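Student: for reference, the sequence and a predicted model appear below.
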Amino acid sequence: MTNTNQKKTLGEFIFDNQSSFPYSTGELSKLINAIRLAAKITNHEVNKAGLVDILGDAGNTNVQGESQQKLDVYANEKFIQTLIQRGIVCGIASEEEEDFISVDSIDGDNTNKYVVLIDPLDGSSNIDVNASVGTIFSIYRRVSPLGSPVELRDFIQPGKNQVAAGYVMYGTSTMLVFTTGNGVNGFTLNPALGTFYHSHPNMQFPETGKIYSVNEGNYVHFSKGVKSYIKYCQREEEDRPYTARYIGSMVADFHRNLIKGGIYMYPRIGPMQKGKLRLTYECNPIAFLTEQAKGIATTGTQRILDVEPTELHQREAIFCGSRKMVEKLQEFILNEES
């Protein structure tokens, strides 16, 4: 059992590491604290979801054309509300909203410097069956001039410009995992005290692993290179076959592979060979975490963090995880093209 008396709280960790945060003015620290608060509120609702009328379909569809779950809507509202109330952000973009939200500073002069992009409840279809879900967030400094409202270009920056990113996983325990460009750290919520403790310092992917995570129901639509790699994972040779594990929540699948070693894959699918996951809300923050944890994140042919977004809800393929596993996948994709 974790002895919380010997571990720093999230607040203490942020205070002690303030100088290592980019542009250490205190604003980024306040922003992470705001995310912590919204996560605790959402966690409370997730934990009582089976007891109150918050399960199931809300009767709406989001901008992606996906059916919104009631908890999707709730988490979206709480994260946006909490971020606005803290008076730190100049803009928010959510996977659940068609357009970004411009937020003025408290004194009305549009001098706030940060924009936040969120997937409020990743894997929300898992709620009904009591499986893990999560929140993913990404933080950038604005590129538009101070003193004016935010613009689209503030939100569609390449992932390499992120100053912080992370996720909250609501599972058997609730964890907040994030990076500010100086490694990856994980914090576990003590529900009795309502406090996050620094339970997982300096998280890193094992160099290789034995888990591959992909929705094999889409196998027929995968490219030849991806199909060949999956067959490689299944073959009885050397240290294989690998184990297939797929929860259907990117946060949960990624977190397991980060701890145990593995590769997460969501290839392009369908006749048009388009990705499904959103570049700005899911791929970029997860890719930033991956690289900070000594892993690799790629579209298959390009580093995720180098992709130049052209629209807010752009979709992209992603392969991320343990370095040697992703490198082997890239060999199969390269051979497919040659």
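Tutor: Yes, it's here.

Student: following element in sequence after the helix or strand hosting residue 153, please.
Tutor: Element membership for residue 153, per DSSP states H and E: helix 152-155. The helix or strand immediately downstream of helix 152-155 is strand 164-170, counting by DSSP H and E.

Student: now for that following strand, which elements pack on it?
Tutor: Packed against strand 164-170 by the contact rule (3 or more C-beta pairs under 8 Å, 6 or more residues apart in numbering; DSSP states H and E) you find helix 27-47, strand 133-141, strand 174-179, helix 250-260, helix 284-292. For the C-beta atoms, the positions are set from N, CA and C on the backbone; glycine is no exception.

Student: for the second one, give the mean pLDDT please.
Tutor: When pLDDT is averaged over strand 133-141, the result is 96.

Student: contacts made by the helix holding residue 153 with the rest, please.
Tutor: 90, 91, 93, 100, 115, 117, 140, 142, 143, 144, 280, 312 (C-beta atoms under 8 Å, 6 or more residues apart in numbering).

Student: could you do stretch 202-218 as well?
Tutor: Against stretch 202-218 from outside (C-beta under 8 Å, 6+ apart): 177, 183-186, 230, 233, 239-240, 242-248, 253, 256-267, 269, 290, 293-295, 321-325.

Student: coming back round to it: quick one: which of the contacts of helix 152-155 has the most company?
Tutor: Counting neighbours by other C-beta atoms under 10 Å, residue 117 leads those with 28 neighbours.

Student: next up, the contacts around residue 315.
Tutor: So residue 315 contacts 274, 275, 276, 277, 278, 279 (C-beta under 8 Å, 6+ apart).

Student: just the buried ones from these?
Tutor: 275, 276, 277, 278, 279 (16 or more other C-beta atoms under 10 Å).

Student: tell me which two of these sit farthest apart.
Tutor: 276 and 279 (10.9 Å; C-beta to C-beta).

Student: quick check on the closest residue to residue 96 other than its chain neighbours: phi, psi?
Tutor: In this structure, residue 96 finds its nearest non-sequential neighbour in residue 76, 4.4 Å apart by C-beta to C-beta, 6 or more residues apart in numbering. Torsion angles at residue 76 (phi, psi; degrees, to the nearest 10) stand at phi -60, psi -50.

Student: picking that back up, among the contacts of stretch 202-218, which are in helices?
Tutor: Among the contacts of stretch 202-218, the members falling in helices (DSSP state H) are 230, 233, 253, 256, 257, 258, 259, 260, 290, 323, 324, 325.

Student: which SS class is residue 218?
Tutor: helix (DSSP: H, G, I helix; E, B strand; the rest coil).

Student: brilliant, that's me finished.
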